[in-house]
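[1] Build the 3D model from these lines:
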Amino acid sequence: MPYFSRLTDIITCRISDLLASAADPRLALSEILSEMREGLEACDRNLHTYSVSRDRLEQEIAGHETQAGRWRDEAREHLGAGNEDAARLALQRKSELEDLVAGLRPELEAATGNWNNMQRIRRALEARFAEAQRETERFSTGVDEQISAAFRRPGPAASVESELEQLRRELGR
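    As a prediction, this is how the structure comes out:
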């Protein structure tokens, strides 16, 4: 039975509640971890899609802006040569490109917003996954063994060390 239907279900779940209601908590935890892995993979696919879309839109906008600048320069040249009709036509093309860019900018903002949001979701999923993995450790070791094992593992991430050092300074240690 699937535990999650959306990525946000993983983020908002309470693993302890899911396990408490499961007939076989170890099996349930294994299934939960598997679904979380699938969620992380889906998140990665979405990140890739949003990134490609964002990059494509950025390139397209830059290209259109360059072309608009060229049409403006061409209009200036035509006007300098006394050809107002050609200058008018060049400015019309420039205006069309500027309208196109104006239409693409919200798409770029949406793609960037989606990418940023998916990054936040990815980090939250990773945190939930780590929690589920700790539950797995709890099943396989006693609480005292789990605590001592935490101190035997390689050092925590640099950000944790940095925060720990800051707390030491606050306590005057």
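[2] all strands in this protein, in order from the N-terminus.
    Chain-ordered strands for the chain, with DSSP state E as the definition, do not occur.
[3] what about it, any weak spots by pLDDT?
    Low-confidence segments of the chain, defined by pLDDT under 70, span residues 1-5, 141-158.
[4] how about the helices of it, start to end?
    Applying DSSP state H to the chain gives helices spanning 7-12, 15-20, 25-80, 84-140, 143-152, 158-171.
[5] Just put those helices in a markdown table and tack on mean neighbour count.
    (Each C-beta comes from the backbone N, C-alpha and C, glycine too.) Shown next, in a markdown table, are these (neighbours: other CB atoms under 10 Å):
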| stretch | mean neighbour count |
| --- | --- |
| helix 7-12 | 16 |
| helix 15-20 | 14 |
| helix 25-80 | 15 |
| helix 84-140 | 15 |
| helix 143-152 | 10 |
| helix 158-171 | 10 |
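[6] Test my guess that L104 contacts L57.
    Yes - contact between L104 and L57 holds when scored by CB atoms under 8 Å: they sit 5.9 Å apart.
[7] most centrally placed residue in the protein?
    Nearest to the mean C-alpha position of the chain, by CA atoms, centre = their mean, lies Q119 at 1.9 Å.
[8] residue contacts, the closest residue to that one other than its chain neighbours?
    Nearest non-adjacent residue to Q119, counting by CB to CB, 6 or more residues apart in numbering: L47, 6.9 Å away. By CB atoms under 8 Å, 6 or more residues apart in numbering, L47 lies in contact with 115, 118-119, 122.
[9] Kind regards, and thank you for your time.
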